[in-house]
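Colleague: Dropping a prediction and its sequence here:
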Amino acid sequence: MTDRARSSRHGLLIELFWTRTGLLILLMGITSAVLLPLSAGMAPGTARNLVTAIGTGTLVSALVTCAQTLLTSAASQRVLVDSLVEESRRAMRDLTDEYRSLNREFFPTHIFEPTAEPEPVLNRLMMADLQATRQYLFRGFSARHAAARMLLTRSVEREMRVVIADPRDRASINSRARYLQRHGGDDGAGSLADIQARLYEDVCVGLVGLYVVRGRCTRIDVTVMSNPPVDRFELFDDSIWVALFSDAGGTSTPYPRTVRFLRSSFIYGMEHSEFVRITSSRTALHVSIHPDTDREEFLALFEKITGRRLTARRLEALEERFHEFRRDFVTSAQLGG
């Protein structure tokens, strides 16, 4: 017998003799121990036979009761342990389900750390979300990356809505330029005027990119706003991606810390409501690009958004800039488009 078994048996005996059954067995044992010696000293006869019978019966009853108690206690202990184990498992399942629910509501499904180049795994997962969505909502400074991703999709049954910085608002350009100058690493290189010029060019390239990909969507709605948030939000039917440009740990890299949440999360509902509020504002500028929007119509839309008229030569140059950006991005992100 192992030490653990002996310890368990010892503990069972101690528990036995401290219960009411144990006290009863003890009383019967004492009674038998008193009656049997007493009967041995008595004269033969009816009285002696009666005392002997009572003492013997009490002893036998004590032994039987003790054996029965040992057996039933062990069985009861096993039943109790099994019951506790099952209850614990049920409680753990309930607790796990609750934690999963909390995780879906408050915690991201994926976290990608800052990188100097596009992260292939991140972009493949985002492309999978984009392929499965019917509505693509984008909010950021320019829409270059959104347009580049859209050009890689196959289905045209998709609506695209973007919110970008207002290029006519000097404060929007200046605010982002000062941010990049403080935290932007290579993107913040050069004078403030150089950064402002690059940012304005990025917005123009993004607008032309949306015109280039117009055939991949049922429609593209564009809303311009002053001083959009530093962080970039991309919402799909079942998920939201947040590029944390405001994260102090990754502001010196072109591609910041990025997190993905499910549709059931708190942040999805909050940002979707905010996006609807912005795109429903009567004070904001809204334009739409359709699959059949021709060049002249787009030139009018571009002038409405930027306040500047594009020449045919300038439009071709911006288209080439967009395709150059798209090729570099697709190659770096290993998207194979």
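Modeller: Looks like it came in fine. Residues are numbered from 1 along each chain as shown.
Colleague: What's the local residue count around Tyr268?
Modeller: 20 (other C-beta atoms under 10 Å). Just so you know, the C-beta spots here come from the backbone N, C-alpha and C atoms, and that holds for glycine as well.
Colleague: Sticking with the residue nearest to it when sequence neighbours are not counted, tell me its helix or strand.
Modeller: Excluding its sequence neighbours, the residue lying closest to Tyr268 (C-beta to C-beta, 6 or more residues apart in numbering) is Ile240, at 4.6 Å. Using DSSP states H and E, Ile240 sits in strand 239-244.
Colleague: That strand: partners in the sheet, and parallel or antiparallel?
Modeller: Here strand 239-244 is paired, per DSSP bridges, with strand 232-235 (antiparallel), strand 257-262 (antiparallel).
Colleague: And it, how far out from the chain middle?
Modeller: 11 Å (C-alpha atoms, centre = their mean, to the nearest Å).
Colleague: Pull out the buried positions in that strand.
Modeller: Of all the residues in strand 239-244, those buried under the rule 16 or more other C-beta atoms under 10 Å are 239-244.
Colleague: Stretch 147-155 too?
Modeller: Applying 16+ other C-beta under 10 Å to stretch 147-155 flags 147-153 as buried.
Colleague: Give me the mean pLDDT for whichever strand or helix holds Ala67.
Modeller: If you go by DSSP H and E, Ala67 is part of helix 46-106. The average pLDDT within helix 46-106 is 70.
Colleague: coming back round to it: bridged to the residue nearest to Tyr268, which residues?
Modeller: Counting by DSSP bridges, Ile240 forms beta bridges with Leu235, Phe261.
Colleague: ok, now which ones touch it?
Modeller: By C-beta atoms under 8 Å, 6 or more residues apart in numbering, the contact set of Ile240 is 233-234, 260-261, 263, 265, 267-268, 271-272.
Colleague: Using a markdown table, please lay out the residues you listed together with distance to Val213 and pLDDT.
Modeller: Conversion of the contacts of Ile240 to a markdown table gives the following (distance: C-beta to C-beta, whole Å; pLDDT from 0 to 100):
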| residue | distance to Val213 | pLDDT |
| --- | --- | --- |
| Phe233 | 19 | 96 |
| Glu234 | 15 | 97 |
| Arg260 | 23 | 95 |
| Phe261 | 26 | 94 |
| Arg263 | 24 | 92 |
| Ser265 | 28 | 90 |
| Ile267 | 27 | 92 |
| Tyr268 | 25 | 94 |
| Glu271 | 23 | 94 |
| His272 | 23 | 95 |
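Colleague: Can you give me every residue that contacts Leu130?
Modeller: Taking C-beta under 8 Å, 6+ apart, one finds 136, 149-150, 153, 236 in contact with Leu130.
Colleague: Find the helix or strand that it is a member of.
Modeller: Going by DSSP H and E, Leu130 is part of helix 120-131.
Colleague: after that helix comes which helix or strand?
Modeller: Assigned by DSSP H and E, the successor of helix 120-131 is strand 135-139.
Colleague: so where do the strands sit in the stretch 101-250 of the chain?
Modeller: Here the stretch 101-250 of the chain has its strands, by DSSP state E, counting those that start in this stretch, at 110-112, 135-139, 159-165, 219-225, 232-235, 239-244.
Colleague: other SSEs contacting the shortest one?
Modeller: If you count contacts as 3 or more C-beta pairs under 8 Å, 6 or more residues apart in numbering; DSSP states H and E, strand 110-112 packs onto helix 120-131, strand 257-262.
Colleague: Glu271 is in contact with Glu234, isn't it?
Modeller: No - Glu271 is not in contact with Glu234 according to C-beta atoms under 8 Å; the separation is 9.9 Å.
Colleague: joint contacts of these two?
Modeller: 139, 240.
Colleague: So for the two, which sits in the more crowded spot?
Modeller: Glu234 (24 against 21).
Colleague: what residues are up against the more buried one?
Modeller: 126, 136-140, 146, 240-241, 243.
Colleague: ok, back up a step: kindly provide the distance from the residue nearest to Tyr268 to Ala193.
Modeller: Relative to Ala193, Ile240 is positioned 35 Å away (C-beta to C-beta, to the nearest Å).
Colleague: next one: Thr331
Modeller: 31 Å.
Colleague: likewise Glu159?
Modeller: Relative to Ala193, and taking C-beta to C-beta, Glu159 is found at 38 Å.
Colleague: Of those two, which one has the most company?
Modeller: Glu159 (14 against 9).
Colleague: If you drop the residues flanking it in sequence, what lies closest to the more buried one?
Modeller: Glu159's closest residue in space is Gln135 (C-beta to C-beta, 6+ apart), at 4.9 Å.
Colleague: Report how many residues lie close to Met42.
Modeller: 13.
Colleague: Let's verify it: helix, strand, or coil?
Modeller: coil (DSSP: H, G, I helix; E, B strand; the rest coil).
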